[in-house]
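Chemist: Structure here, sequence nowhere to be found:
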């Protein structure tokens, strides 16, 4: 029996896996100790739980537990990595290279760094959402200290060529940071095989709790340090002060363990459902895929339906199906997605895009229902779309003088 | 953001979707908005030559639910009105009727603009001079 609403917005957040919640519960009540209390069993118990979680988290990304700094989430990890490297390596240089489809947590942090006297190059992605490696290498200068490129994009799901990027970074002795929030737990990420020096990710994108994440900071070849952004008791090897969120960290650890154990099987199942959805929706006339079709996360697809507007489209089924639109029509700015615009999509097509994010608990029945609902709504809205009528009559819409408002 | 019941009703059961024959002299067509802005409205009126009463009105809209609802409501209000009465339809009346939130006021402005554009198209076709309107404040 199909239950509503159906959740297809797993790139925004995921539900906690019940096994994660179960692991967390004792750490709210009986085992409530502060992991920094070194002198009694309450503290020891909490510390032990954190150490265990640190191992679970490290294992998922092929790191050493000592290289994991717990944070409040990926936004904090992005801030700590970029600002922390900028301050720590000030004597070596002040130039950072990133790209124009990064998450706002990276872009806004880079803007902050620019205000502090840093220099930032924003690489433009190609139409498929990937960066040009030759352009990256050409952007490196003697004062470049950091390359910050996301592992996978949150709106279109494209996966960046991290191994090739890290080879370039290594060759020039530049550190590589990656916001891997969308990738960790979904696809194999290995900081050593991938050659990444700093990596930020978050528990709530992989069936863990909100409010907890980690920054991986490499300790060997090279040893990387970041300047702390939160001062206090010197927790997390002095890089991130603040009492550890023990239940959150325990849940994060459990979530990582489950992802590691079940990734292969889950990827197979979810990507089959994604492909079914994607293929069916691309069969609708004048619908197209956003982002590279091959280098893509297994659980997401982003499609634009020409001549219908995304928010209007979502309204046709958003009581029953939760997805996300490339149109930011509900926000005061009315600006469509900067990620989609970076792919060279005009504002009109960015407005007509929908992101579908599948997850661990998505069923085939839900996908079948979604295909039916989206298809029907697209058809219905096109019946009332003046643009669709013009398209069908063969009118070139570029010849019309639109009243821009 | 939740839509008002009236917006949802117009979205689900839009009134007067369609196309009138724009080659007829008694049909006025207004096309406003732009695809890049996320809304395009086309509103048409058919005027009874003898009485000057709008006997039919149709719309097609590319846009969000509020834009669809605003144009659907506009066609309902237009039918049965004289052209002179129709010109007085104010966007704020649409805002009130549909309970539009502040970020959606532009949808009602667009509907008002579409009405005026359709009326002017009708006037020009029938040898009357174009009416001049104050620039809308919201644009």
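Modeler: Ah, there it is. Here the structure is a predicted model, which is why all the values come from computation and not from measurement. Residues are numbered from 1 along each chain as shown, chains lettered A, B, ... in the order given.

Chemist: Tell me which other helices or strands the helix or strand containing residue A:390 touches.
Modeler: For residue A:390, the element it lies in under DSSP states H and E is helix A:386-392. In terms of contacts (3 or more Cβ pairs under 8 Å, 6 or more residues apart in numbering or on different chains; DSSP states H and E), helix A:386-392 is packed against strand B:39-47, strand B:54-62. Backbone N, C-alpha and C define where each C-beta goes, glycine included.

Chemist: count of residues packed around residue 103?
Modeler: This is for chain A. 20 (other Cβ atoms under 10 Å in any protein chain shown).

Chemist: nope, chain B please
Modeler: Counted with other Cβ under 10 Å, residues neighbouring residue B:103 total 15.

Chemist: hang on, the earlier thing: could you identify which of the helices and strands packed on helix A:386-392 is most buried?
Modeler: strand B:39-47 (a mean of 27; mean count of other Cβ atoms under 10 Å in any protein chain shown).

Chemist: how many degrees apart are that strand and strand B:54-62 in direction?
Modeler: With axes from the mean of the first three to the mean of the last three Cα atoms, to 10 degrees as the basis, strand B:39-47 and strand B:54-62 are set at 170 degrees to each other.

Chemist: Tell me the strands beside strand B:39-47, with direction?
Modeler: strand B:27-34 (antiparallel), strand B:54-62 (antiparallel) (DSSP bridges).

Chemist: quick one, strands of chain A?
Modeler: Ranges of strands in chain A, per DSSP state E, are A:6-7, A:68-71, A:95-99, A:119-123, A:144-148, A:175-179, A:198-202, A:213-217, A:287-289, A:300-305, A:321-322, A:324-325, A:353-357.

Chemist: Any regions of chain A where pLDDT drops low?
Modeler: Counting by pLDDT under 70, chain A shows low-confidence ranges at A:326-334, A:404-405.

Chemist: Break it down into its structural domains.
Modeler: Domain assignment of chain A by automatic domain parsing yields the ranges A:6-11+A:263-399, A:18-259.

Chemist: now these as TSV including distance to residue B:42?
Modeler: What follows is those, written out as TSV (distance: least, Cβ to Cβ, whole Å):
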stretch	distance to residue B:42
domain A:6-11+A:263-399	4
domain A:18-259	31
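
Chemist: how about those, which one is nearest residue B:39?
Modeler: With Cβ to Cβ, the closest approach to residue B:39 among the domains of chain A belongs to domain A:6-11+A:263-399: 7.1 Å.

Chemist: what distance separates the closest one from the centre of its chain?
Modeler: Chain-centre distance of domain A:6-11+A:263-399: 18 Å, with Cα atoms, centre = their mean, to the nearest Å.

Chemist: Next: stretch A:11-21.
Modeler: With Cα atoms, centre = their mean, you get 15 Å for stretch A:11-21.

Chemist: Show the low-confidence segments of chain B, by residue range.
Modeler: Where chain B drops to pLDDT under 70, the residues are B:1, B:134-139.

Chemist: Which positions in it make contact with chain A?
Modeler: Within chain B, the positions adjacent to chain A are B:1, B:3, B:8, B:11, B:14, B:17, B:19, B:31-42, B:59-65, B:67-68, B:103, B:106, B:109-110, B:113, B:139 by Cβ under 8 Å from any Cβ of the partner chain.

Chemist: which residues are in contact with the helix holding residue A:390?
Modeler: Outside helix A:386-392, the residues that touch it by Cβ atoms under 8 Å, 6 or more residues apart in numbering or on different chains are A:286, A:306-308, A:382, A:397, A:400, B:19, B:31, B:35, B:40-42, B:60-62.

Chemist: rerun that using 7 Å as the cut-off
Modeler: By Cβ atoms under 7 Å, 6 or more residues apart in numbering or on different chains, the residues outside helix A:386-392 that reach it are A:307, A:382, A:397, B:19, B:31, B:35, B:40, B:42, B:60, B:61, B:62.

Chemist: roughly how far apart are the fourth one and residue B:60?
Modeler: Residue B:19 sits 7 Å away from residue B:60 when distances are taken as Cβ to Cβ, to the nearest Å.

Chemist: quick one: contacts for the closest residue to residue B:87 other than its chain neighbours?
Modeler: Of all residues not flanking residue B:87 in the chain, residue B:119 sits nearest, at 5.5 Å (Cβ to Cβ, 6 or more residues apart in numbering or on different chains). Residues counted as contacts of residue B:119 (Cβ under 7 Å, 6+ apart) are B:28, B:83, B:86, B:87, B:131.

Chemist: in chain B, which spans are helices?
Modeler: Here chain B has its helices, by DSSP state H, at B:5-12, B:65-78, B:83-86, B:91-98, B:105-125.

Chemist: Thank you, goodbye.
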